[in-house]
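Undergrad: everything below, folded, please.
(2 chains)
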There are 2 protein chains.
Amino acid sequence: MKVLILGGAGMVGRNLAIRLASDGTLGGQPIEALTLFDVVAADVQGSAHMRVSAVTGDISDRATVDRLVADRPDAIFHLAAIVSGEAEADFDKGYRINLDGTRNLFEAIRAQDGYHPRVVYTSSIAVFGAPFPEAIGDEFITAPMTSYGTQKMIGELLLNDYSRRGIFDGIGIRLPTIAVRPGKPNKAASGFFSGIIREPLAGQDAVLPVDDDVRHWVASPASATGFLLHAATMDTAPLGARRCLTMPGLSVTVGEMIAALGEVAGPEAVARIRRQPDPVIRGIVAGWPRNFDAARAAGFGFAADASFQDIIRAHIRDSEAAQ
Amino acid sequence: MKVLILGGAGMVGRNLAIRLASDGTLGGQPIEALTLFDVVAADVQGSAHMRVSAVTGDISDRATVDRLVADRPDAIFHLAAIVSGEAEADFDKGYRINLDGTRNLFEAIRAQDGYHPRVVYTSSIAVFGAPFPEAIGDEFITAPMTSYGTQKMIGELLLNDYSRRGIFDGIGIRLPTIAVRPGKPNKAASGFFSGIIREPLAGQDAVLPVDDDVRHWVASPASATGFLLHAATMDTAPLGARRCLTMPGLSVTVGEMIAALGEVAGPEAVARIRRQPDPVIRGIVAGWPRNFDAARAAGFGFAADASFQDIIRAHIRDSEAAQ
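TA: Sure, this is the predicted structure:
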């Protein structure tokens, strides 16, 4: 089978590609070709059995997307997106990539006769907007409060309609915040959720800009990969008309994260965290959902991490393996 | 002030235009110019104080929409749409007019510097999909099950985001089924809700294709006009981020409609109704929402018709006035 990953150079896409190359199969079928598409060239490694190629381009260019789809991949992972902060700062770019790009993909598939691939689309919990209940259920209204959330929600609606029409077999998964993200600190407002674990484990100081009682919804990088693989291979018939699911996660407070860090890595790691309240980040985070009841996804076999301690231990293993 | 109606030749647009021409004002401001845009020329009558013009064109052509908006109307009513049945039958046309056309309007407004009109957008209860609760509240999930509903919901999301961004001052109103529609029978699946009243009052036979216990959500043509005028003039600040409202209506069964007809027009009118079950129409209607709790709209001053008897009496008055 052939697999295409749009957004193959990002953290989630790269992890997925590594896993697919290592498994060599998807849903029991051998993968002959894996294509990683992104604006920058993905770092790829093929094997004797699997042709892996990196393609660069812009999904807002329809001809580019037509060329990718002309190869008729059996499974398409659509992870490409302008992230929240940038979509808010650059109105045109956000709509061009997140809305027009997604439509280009869906229309390119429609233009191919007798072609009906599985399409896995990463949506976001940004499709929800305040005020929130204690835990957001599967029937909670989708009322985004950012341009990014709006664009992701439009993608969900299109995915549902194109799937209902039989154009492709789509499934959307709303990922939690991924923690612990490997690599260097980034400027995302949510970056500190990873930073307060990753930096102390690397013997570096970390800044905590919010209070200890801030609660957030997280999943490990390995869980995100697992969600994508399950979405690509599960039976979609029982989803009915509503093909987008909130993925399971852990609802943890910053205080609980820090306690877990102490348990796994000791008090010297915890001592690396400097509390330095930032009113701007505090304000942004205050508008985010904190907890979900992801019962539907759980019913379809998606499983969350067991504990935040496990997430930290997995991060330590991955960091050591990467060295 | 200047007013633009997109979809000015349709039933709702025409009624609104007649009312605006008769009032001469909107929100206490004299109207100097009223432009009715549609694919066919609207039948218009100006006055000494108000220039009324009909413009024909296609809203999926951006240059056409740019020209309309270059005039900087203070209030824009966006009623233009491919209706449900046609949007389902013609995938491309539905997306082209209902999605691209709406985006063209919103982008044309954005392209004008220092311009911030009120935009009233007619959405639909088709943004909701089964399974439904007994009465659909303002927090009920929007999960459309048709291409039309998908397109209308995308318009709502865009309207919320463009308004949040300060590009225009938008408000979306989800209209109930309009009954009693004047004029000739049409082929819409919902047509019989008007037909079983209109035809008997005109001394003609009417066909009833569903059971008497079918319940539906209706408002009179005059209520629809009232909703549009209120949406164009109310303070939108208290709407917050959620600028689209389910309009109030009457939840009535076919049996209650027929009883009201008997009360207003006597048993000879009722005798004109022939029960002729149609499994196709029965099936379509079974998937429609039946009842709403439109508390939010009521709180903002939108009011439903008092009774179905009143709706019938208003239809009789309007029919006599039109002769």
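Undergrad: alpha carbons only for contacts and neighbour counts from here, please
TA: Fine.
Undergrad: hmm, who's touching the worst-scoring helix or strand of chain A on mean pLDDT?
TA: The least trusted helix or strand in chain A, going by mean pLDDT, DSSP states H and E, turns out to be helix A:279-286, with a mean of 87. Identification of contacts with helix A:279-286 by CA atoms under 8 Å, 6 or more residues apart in numbering or on different chains yields A:Ala189, A:Ser190, A:Pro209, A:Val210.
Undergrad: those, buried ones only, as a ChimeraX selection?
TA: Only the buried members of the contacts of helix A:279-286 enter the following ChimeraX selection, criterion being 16 or more other CA atoms under 10 Å in any protein chain shown:
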select /A:190,209,210
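Undergrad: still on that earlier bit, same for the next helix or strand after the least confident helix or strand of chain A, what does it pack against?
TA: Taking DSSP states H and E as the definition, the helix or strand that follows helix A:279-286 towards the C-terminus is helix A:295-299. Helix A:295-299 is packed against strand A:244-246, with contacts defined by 3 or more CA pairs under 8 Å, 6 or more residues apart in numbering or on different chains; DSSP states H and E.
Undergrad: partners of the strand it packs on in the sheet?
TA: Within its sheet, strand A:244-246 is paired with strand A:169-175 (parallel), according to DSSP bridges.
Undergrad: can you list the buried residues in the strand it pairs with?
TA: Under the neighbour-count criterion of 16+ other CA under 10 Å, strand A:169-175 has A:Asp169, A:Gly170, A:Ile171, A:Gly172, A:Ile173, A:Arg174, A:Leu175 buried.
Undergrad: got a markdown table for those residues, with pLDDT too?
TA: Supplementary listing: those in a markdown table, determined by pLDDT from 0 to 100:
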| residue | pLDDT |
| --- | --- |
| A:Asp169 | 98 |
| A:Gly170 | 98 |
| A:Ile171 | 98 |
| A:Gly172 | 98 |
| A:Ile173 | 98 |
| A:Arg174 | 98 |
| A:Leu175 | 95 |
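Undergrad: tabulate these (CSV), appending distance to A:Ala54.
TA: Below are these laid out as CSV (distance: CA to CA, whole Å):
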residue, distance to A:Ala54
A:Asp169, 25
A:Gly170, 24
A:Ile171, 24
A:Gly172, 24
A:Ile173, 24
A:Arg174, 26
A:Leu175, 25
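Undergrad: would you mark the buried spots in the least confident helix or strand of chain A?
TA: Of the residues in helix A:279-286, those with enough neighbours to count as buried (16+ other CA under 10 Å) are A:Val285.
Undergrad: now stretch A:9-23
TA: Residues of stretch A:9-23 classed as buried under the neighbour-count rule (16+ other CA under 10 Å) are A:Ala9, A:Gly10, A:Val12, A:Gly13, A:Arg14, A:Asn15, A:Leu16, A:Ala17, A:Arg19, A:Leu20, A:Ala21.
Undergrad: and if you look at stretch A:75-86?
TA: By neighbour count, and taking 16+ other CA under 10 Å as the criterion, the buried residues in stretch A:75-86 are A:Ala75, A:Ile76, A:Phe77, A:His78, A:Leu79, A:Ala80, A:Ala81, A:Ile82, A:Ser84.
Undergrad: would you turn the residues you listed into JSON lines with secondary structure?
TA: Putting those into JSON lines (DSSP: H, G, I helix; E, B strand; the rest coil) gives the following:
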{"residue": "A:Ala75", "secondary structure": "strand"}
{"residue": "A:Ile76", "secondary structure": "strand"}
{"residue": "A:Phe77", "secondary structure": "strand"}
{"residue": "A:His78", "secondary structure": "strand"}
{"residue": "A:Leu79", "secondary structure": "coil"}
{"residue": "A:Ala80", "secondary structure": "coil"}
{"residue": "A:Ala81", "secondary structure": "coil"}
{"residue": "A:Ile82", "secondary structure": "coil"}
{"residue": "A:Ser84", "secondary structure": "helix"}
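Undergrad: closest one to chain B out of these, please.
TA: Here the nearest of these to chain B, counting by CA to the nearest CA, is A:Ser84; it sits at 13.6 Å.
Undergrad: how about stretch A:145-154 as PDB, C-alpha atoms only?
TA: Taking Å, rounded to 0.1, in the frame of the first residue of the first chain, the C-alpha atoms of stretch A:145-154 are listed here in PDB:
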ATOM      1  CA  MET A 145     -12.800  31.500  19.400                       C
ATOM      2  CA  THR A 146      -9.700  31.700  17.200                       C
ATOM      3  CA  SER A 147      -9.200  31.700  13.500                       C
ATOM      4  CA  TYR A 148      -7.200  28.500  13.800                       C
ATOM      5  CA  GLY A 149     -10.100  26.800  15.600                       C
ATOM      6  CA  THR A 150     -12.500  28.200  13.000                       C
ATOM      7  CA  GLN A 151     -10.400  26.700  10.200                       C
ATOM      8  CA  LYS A 152     -10.000  23.400  11.900                       C
ATOM      9  CA  MET A 153     -13.800  23.200  12.500                       C
ATOM     10  CA  ILE A 154     -14.500  24.000   8.800                       C
END
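Undergrad: any bit of that stretch sitting next to chain B?
TA: Yes - among the residues of stretch A:145-154, A:Met145, A:Thr146, A:Ser147, A:Thr150, A:Ile154 lie within reach of chain B under CA under 8 Å from any CA of the partner chain.
Undergrad: what sits up against that stretch?
TA: A:82-84, A:87-88, A:91, A:94-95, A:98-99, A:123-130, A:142, A:144, B:154, B:157-158, B:161, B:241.
Undergrad: and for stretch A:125-136?
TA: For stretch A:125-136, the external contacting residues (CA under 8 Å, 6+ apart) are A:141-146, A:148-150, A:152-153, A:174-176, A:246, A:287-294.
Undergrad: likewise for stretch A:63-72?
TA: Surrounding stretch A:63-72, the residues in contact under the criterion CA under 8 Å, 6+ apart are A:Lys2, A:Gly57, A:Asp58, A:Ile59, A:Asn104, A:Leu105, A:Ala108, A:Ile109, A:Gln112, A:Tyr115, A:Pro117.
Undergrad: can you name the element that comes right after whichever helix or strand the fifth one is part of?
TA: With the criterion set as DSSP H and E, the secondary-structure element containing A:Asn104 is helix A:102-110. Next in sequence after helix A:102-110, counting helices and strands by DSSP H and E, comes strand A:118-124.
Undergrad: now the helix or strand just after that next one: average pLDDT?
TA: Reading on from strand A:118-124 to the C-terminus, the next helix or strand found by DSSP H and E is helix A:147-164. Mean pLDDT, helix A:147-164: 97.
Undergrad: swap in stretch A:177-193?
TA: If you average the pLDDT values across stretch A:177-193, you get 87.
Undergrad: which residues touch that stretch?
TA: The set of residues that contact stretch A:177-193 without belonging to it, under CA under 8 Å, 6+ apart, is A:85, A:194-195, A:197-198, A:206-209, A:217-221, A:224, A:254, A:281, A:284-285, A:311-312, A:315, A:319.
Undergrad: list the buried residues in it.
TA: When neighbours are counted by 16+ other CA under 10 Å, the buried residues of stretch A:177-193 are found to be A:Thr177, A:Ile178, A:Ala179, A:Val180, A:Arg181, A:Pro182, A:Ser190, A:Gly191, A:Phe192, A:Phe193.
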